[in-house]
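J.: Below are the sequence and a predicted model for it; my questions follow.
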Amino acid sequence: MKYLIQYILFFGIFFQNLFVFGEARVEQFAANDNDQRSLIDRWNELRVKAMQEAGVIKDWGNPRKVGKGARPQIILSKNEIHFDGKKLVLGEPIESWKEKILAKPRCFDNGMTLCVWDEYGLEVGTGYKNLNKVQFMNIYINADHSNENVGKADYPDGRPAKPLEDNMPYRTFSGYLELNGVGIDAKTEFREVQAGSVANRTLHCGLLDCSHPSGPFGEHANISLTLDGRNERGRLLELGIDVAN
């Protein structure tokens, strides 16, 4: 049974990546709302069901309800990013992002342009080849103190980081964050992210480790999570979106 489960997971990830490539084509031929579910969604449902029946994972139930009153609001839906109602687009000039986010960031050049909004726990950067266009965004949700060799003041836990040139935010995100209809806060576990939305089930774990689940964010970008554990009950430490190569 152990080897059977590993085969299921291995081939699941293989076909999942294959179906992501053909997902846009499949949806072009969908006849109605019930048929518009992509192959990747259907495969993930079968994969999760097989793992549940094999006892690898359990039925995680419904996610917690996260209040929507906090500001700022970052809404991630399918392939779009909205910050307090303003659309942010990967590939646009970083100056456009700075105008829409409003608060003054710390920006510096480390081979690429990197801007950090300490009060929002937000990090935005460009590519090394183009120092103007945004290539990635990271949202720090929880402090990571797992590395005992680094001083805790270097982490985004609310205390000033040292040295001042540290490229991580001094604080974690304290507003309202939503991914495909699922509210996320410092207590959110990965199982809740997947349980709350079929769209989030395109996020997949590694074969034997779930500390860095990832998946597509639309056709031209990727989304990745960093968890504080190695299974679906890990809390979210960080959420990142970057332009697909």
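T.: Done, it's in. What you see is a predicted model, and the numbers here were worked out from it, not measured in a lab.

J.: ok, and the closest non-adjacent residue to residue 181?
T.: Nearest residue to residue 181 in three dimensions, chain neighbours excluded: residue 197, at 5.2 Å (C-beta to C-beta, 6 or more residues apart in numbering). C-beta here means a position set from N, CA and C on the backbone, and glycine is covered the same way.

J.: Around that neighbour, count how many other residues there are.
T.: Other residues near residue 197 number 18, with proximity taken as other C-beta atoms under 10 Å.

J.: so it touches residue 179, yeah?
T.: Yes: contact criterion C-beta atoms under 8 Å: residue 197 and residue 179 qualify, at 7.4 Å.

J.: can you give me the strands in the chain?
T.: Residue ranges of the strands in the chain, as given by DSSP state E, are 73-77, 80-83, 86-88, 106-109, 113-117, 122-126, 134-140, 176-179, 182-184, 214-216, 221-227, 236-243.

J.: and of those, who's closest to residue 167?
T.: Closest to residue 167 of these is strand 113-117 (C-beta to C-beta; 5.7 Å).

J.: ok and that closest one relative to strand 134-140, angle-wise?
T.: 30 degrees (axes from the mean of the first three to the mean of the last three C-alpha atoms, to 10 degrees).

J.: Just the mean pLDDT for strand 113-117, thanks.
T.: For strand 113-117, mean pLDDT is 94.

J.: again, but for stretch 132-149
T.: Here stretch 132-149 scores 80 as its mean pLDDT.
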